[in-house]
Each structure stands twice: as C-alpha cells, then as structure tokens.
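# what's the 3D shape of this:
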Amino acid sequence: MRRPEPDPSPAAPTVLPVEPQTLLLTMVRAVGDAIVIADETGTITMWTGAAEQIFGWRADEAVGRPVTTIVPERLRDAHHAGLRRVADGGERRVVGRGPVEVIGLRRDGSEFPVELTLASDVHDGRRFHAAIMRDVSARHAAASELQAALRELERSNAELQQFASVASHDLHEPLRIVDGYLGLLRRRTAGQLDDTSVEFIDNAVGAVGRMQTLIDDLLRYARAGAGTAGAAEVDLAEVAGEALARIAASVEAAGAHVELGELPVVHGDASLLRQVLQNLLANAVKFRREDRTPHVRVGARRLDDAWEISVVDNGIGVDDEAARRIFAMFGRGRGAGRDRAGSGIGLALCKRAVEAHGGVIRVLHAPDGGSDFRFTLPDHTETPT
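So this is what the prediction gives:
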C-alpha cells in the first residue's frame, strides 16, 4: 500500500480573526513615538501612551482638549494659520513634508524640541490631522555638549600653539648663545687641544643641534593640531616632490632610489601634508639596511570615500612591539640609535597632522622586510549622481 505523497506546498498560516481597526490601534499604541490625532476643529481625538510620557497629560485628560494645549502660546496663531491653509487646499509647509523640528509644550509649562511628522486626510467627510512626535531634547543636549567640547578643544589648541611659539623663541635664544660660544671656543683653541677635548666640544655642539631640532619639532607638532581651517586643493605629486627636494642631501648620501608614483589632488593643508611626506621619506632613507640599496616608493590607491597614500621601503622594518608605540610622542622603533637619532616626534607629528585632516595612519610589514606606512585622506570631491 502506497503512502500518500506529502503536500509540497507550505501549510497556510493560521490567522486569528482580529478586527483590522483593533490590530491597527494595538500597533499604534506600541510605537515609541507619540501619536496624536486631531479633527478639523483642532480637538484631540486620539492620544497614545508615548504622548502621555512626553507631554505629561493622560489620555483621558488630553482627548477632547484643543491640540494647541501642547503648542506654546506664542506659536498658536501660526499653528491655526497652517491648519486653515491645509483646509483651504493652500501651501503645505509642514503637512506631508517629512520630519521638521518644532517647539512642544509640556503639562508643567516647560518647552522642549520636538521632531514632528504631520499628515492630513479626509475620512467620512471630516478632516483629521495625525502627528507623530519625538522628543529630541537629548539630541539637542548632546549636540550642545559636542559644540562645547569643540570650543574647548579649539581654545586648548590655540593656547598650545601660543605656548609652543613663545617657548620655541625663549629656548632657542640660549641655545644660540651656547652654540656661538662653542664655535668661538673651537676656533680659538684650534690645534691646542688634544683629541679628547675636541671630541667633548663636538659632542656639545651635537647636543645643541639635537635640542634645536627637538624644539622645532615640538613647535611643528603644536601647529599640526590647529586643524585645516585654511585647507585648499593640494596636488600631492607637487607636495611630494617638494618634500623629496628638502631631503635631497640625505637621499644622495645614502645612495637611495626614491620613486614617486601617481598621486591625487586632495583637499587639505599643503604645509602639513608636505611635513608628513617629508618625515616618512626621511625615515625610510634613515632606517635602511647596510646590505642593500635603499629603495622607497610613494603611491596612492582609491578607497570608497578616501585616498590611501603609502610610503614603502626596503629598510630594517618595524617589529610588532614597536608598531604599537611608534606614533606616540618620543616613541621609537628598533635601530634608532645615536647614529640614527631624531627627536622622536616625527611620526607623532605625522599622526597628528593626518588626524587633523580626518584620516588615519598605520604601519605594516613590507613584503621584503621593510616598512609600509599608509595614511588616508578623505576625498571631498563631489561625484555626480
């Protein structure tokens, strides 16, 4: 005896007989936003639980009241004028135009910002207005806090820049005096000192030079946090060429080969971007292997809404531990001995400048063991839709 074949069609869902109006009311009451319906006379006919929470009136208190109960008195004339325009088929400034922000009035008399979506329709010969309202006080408070934080940040950055400028001048002056006296001492004692004494003077001159570099880098770091208020279109190919020209002596001394690939035009601060590329190129040349010719390539690739710029070398590379701290102030990677000494601020400056442009910077391992520094710059170019 053959068993009956199963019916391949899915079983029809069981639907309980529910009045559509009852189901609709249940769904409406479950919505988190306040829903208020008023008739053509402006009398409230429906008031949800969310409206109770937002405005402070219970449903049995609100229904039957004029809808202007939740409108500040100074705005009621404009409210009535708007409803008359809708009834007369005139211009609809709010109805059916999506969410707009208005001012609501609570039962306790306090006013608060409301996001309002308003619809109007005729049912059984009568016009009804339905409003969906959301209290956006928290959003406004968060926006105010953000603006206050931004103002404080701008003030702090301005103070930092002013301090750095004053400190740079005040610190450079005694260093120039020390450097001058060391040079005078070297000239006056030429041929009279033993090798050890000459080495002492050379070390002192070198220390003065490193201190001057540190002060200059601290000043650049402070200025890098000022943002990009004066941003404009920047040809990165031109900026990279200028950065390379500034370290030409180091490139030639190292016998390095630097290749500049095709680079985009971006929106930013040319001075900051030049400093970023100069620091990355200088590091790529400085931290080279002794057993190979240094090779550095600067390139770019397009991301969804940004450009990613890369500076790749075949040098000594950056290990994982150093990569976690290398962009911090005075963070150093391996191989940063005295013969390769710097201020320890260069990559921190790069990070600060890139972030001022709204981008991020990171370092990866290059395929041949070197370093692959990459940073992004948002693309502000408008594409046609």
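# who touches residue 112 in this structure?
With contacts defined as C-beta atoms under 8 Å, 6 or more residues apart in numbering, residue 112 is in contact with 103-104, 106, 135, 137. C-betas here are computed from N, CA, C, even on glycine.
# Quick check, pLDDT for it.
We have a pLDDT of 94 for residue 112.
# Buried residues of the helix or strand it falls within, list them for me.
Counting by DSSP states H and E, the element that carries residue 112 is strand 111-123. Of the residues in strand 111-123, 113-118, 120 count as buried by neighbour count, 16 or more other C-beta atoms under 10 Å.
# nearest to residue 257, of the residues you listed?
residue 115 (59.8 Å; C-beta to C-beta).
# Would you mind listing the residues in contact with that closest one?
Counting by C-beta under 8 Å, 6+ apart, residue 115 has contacts 99-101, 133-134, 136.
# Quick check: pLDDT value at it.
Residue 115 is given a pLDDT of 92.
# partners of it in the sheet?
Under the criterion DSSP bridges, residue 115 forms beta bridges with residue 101, residue 134.
# Tell me the spacing between it and residue 71.
Distance, residue 115 to residue 71, using C-beta to C-beta, to the nearest Å: 15 Å.
# what do you get for residue 175?
Following C-beta to C-beta, the distance that separates residue 175 from residue 71 is 69 Å.
# so where's this protein shaky on pLDDT?
1-30, 86-98, 168, 222-230, 329-343, 380-385 (pLDDT under 70).
# Can you classify the closest residue to residue 273 other than its chain neighbours as helix, strand or coil?
Take residue 273 and drop its neighbours on the chain: the residue closest to it by C-beta to C-beta, 6 or more residues apart in numbering is residue 239, 5.4 Å away. Following DSSP: H, G, I helix; E, B strand; the rest coil, residue 239 is assigned to helix.
# Check whether residue 239 really touches residue 275, as I assumed.
No - judged on C-beta atoms under 8 Å, residue 239 makes no contact with residue 275 at a distance of 9.6 Å.
# just to revisit the earlier point, okay, residue 175 and residue 71: which has more neighbours?
residue 71 (19 against 15; other C-beta atoms under 10 Å).
# Kindly provide the distance from that one to residue 188.
Relative to residue 188, residue 71 is positioned 89 Å away (C-beta to C-beta).
# Kindly report the same for residue 321.
Applying C-beta to C-beta to residue 321 and residue 188 gives a distance of 48 Å.
# Tally up the residues packed near residue 48, please.
23.
# show me the contacts for the residue nearest to residue 205 when sequence neighbours are not counted.
Computed as C-beta to C-beta, 6+ apart, the closest residue to residue 205 that is not its neighbour in sequence is residue 182, at 5.2 Å. By C-beta under 8 Å, 6+ apart, residue 182 lies in contact with 201, 204-205, 208.
# Among the residues you listed, name the buried ones.
204-205, 208.
# so how far is stretch 355-373 from its chain's centroid?
Distance of stretch 355-373 from the chain centroid (C-alpha atoms, centre = their mean, to the nearest Å) equals 18 Å.
# now stretch 362-375
That offset, for stretch 362-375, works out to 24 Å (C-alpha atoms, centre = their mean).
# can you check stretch 121-140 too?
36 Å.
# cool, and stretch 317-325?
Using C-alpha atoms, centre = their mean, the offset of stretch 317-325 from its chain centre is 25 Å.
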